[in-house]
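Asks: sequence? don't have it. structure:
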């Protein structure tokens, strides 16, 4: 409804792309890992069919930091961040 209203206001046909910008999602995962100080061993890799991004890190992250980063990631992307050590 909102898209239709905006299209009418602007005079341009507007559509929502059916697939997310995977590169941006992976960049955000890397950025959050750097911010948390995690050394990435593998990944990140995206699985659009299940809606998650996985990565392996050198050391097990603290639960509080992991939970915070996972929440931020989900809020910004709608994807789940899965971190393995």
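Replies: Yep, that arrived. Since the model is a prediction, treat every value here as computed from it, not as a measurement.
Asks: name every strand pairing with the longest strand along the chain and say which way it goes.
Replies: Under DSSP state E, the strand in the chain containing the largest number of residues is strand 40-47. Sheet pairing for strand 40-47, assigned by DSSP bridges, gives strand 52-57 (antiparallel).
Asks: confidence score at residue 16?
Replies: The score at residue 16 is 87. That number is its pLDDT.
Asks: please report phi then psi for it.
Replies: As for residue 16, its main-chain torsions (degrees, to the nearest 10) stand at phi -100, psi 130.
Asks: tell me how far it lies from residue 75.
Replies: The gap separating residue 16 from residue 75 is 19 Å, by CB to CB, to the nearest Å. For glycine as for every other residue, the C-beta is placed from the backbone atoms N, C-alpha and C.
Asks: so between the two, which is more surrounded?
Replies: residue 75 (8 against 5; other CB atoms under 10 Å).
Asks: in terms of secondary structure, what does the helix or strand hosting that one contact?
Replies: Secondary structure from DSSP states H and E places residue 75 in helix 63-77. Applying 3 or more CB pairs under 8 Å, 6 or more residues apart in numbering; DSSP states H and E, one finds that helix 63-77 contacts helix 22-36, strand 80-84.
Asks: was I right about residue 66 contacting residue 83?
Replies: Yes - judged on CB atoms under 8 Å, residue 66 makes contact with residue 83 at a distance of 6.0 Å.
Asks: having no further points to raise, I will conclude here.
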